[in-house]
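Engineer: Sequence plus the predicted model coming up.
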Amino acid sequence: MGVLENSVDIARPVPEVFDYCSDLCNELEWTPGSMTAVERLTEGPIGVGTRYRATWKQGGTHEVAYTQFERPTSWVAAADSPSLSLIFRARVDPTDSGSRLTVQMDLRPHGLTRLASPILHRVMQRQELLNLAAVKRTLESR
């Protein structure tokens, strides 16, 4: 299906953007219309091996596991379901005015979901742009 990639500049320091965005529990704050629940399944600091159970209105419930974590610059998460596998990569780079958050989603539909791949790709691209705008608003309003 392909990889979606989007970026947003945020007028906040790199460590703040990283810490906020790399904690999946914060997604409830900036996507209340699409995410309905999230639960951290592991104890201790967030890092490689951290797992969450998250539910999205359109995507159902998934277990999300962090497979890479390099504070304060990047992290990678993976999620699998019967209909879709997803690899999510994020990077936070410094800019003159704060940070640039770049996210990539590698969507791999399974079974009948493959038939809807073109539509799913467009919907996810549109949603990700809205998500990044919401993250920017949320962090810059603090």
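Structural biologist: Arrived safely. Numbering: from 1, shown residues only.

Engineer: burial measure for Leu139, as a count.
Structural biologist: Leu139 is surrounded by 22 other residues when neighbours are defined as other CB atoms under 10 Å. No exception for glycine: its C-beta is placed from N, CA and C like everyone else's.

Engineer: That one belongs to a strand, doesn't it?
Structural biologist: No. Leu139: not assigned to a strand; according to DSSP: H, G, I helix; E, B strand; the rest coil it is helix.

Engineer: OK, contacts around it?
Structural biologist: Counting by CB atoms under 8 Å, 6 or more residues apart in numbering, Leu139 makes contact with Ile10, Arg12, Glu16, Val17, Tyr20.

Engineer: Equivalent analysis for Gln68, please.
Structural biologist: Gln68 touches Val48, Ser74, Trp75, Val76, counting by CB under 8 Å, 6+ apart.

Engineer: Greatest separation within these: which pair is it?
Structural biologist: Using CB to CB, the contacts of Gln68 reach their maximum pairwise distance at Val48 and Ser74, which is 11.8 Å.

Engineer: and Gln125, what helix or strand is that in?
Structural biologist: Gln125 is part of helix 117-140, with elements assigned from DSSP states H and E.
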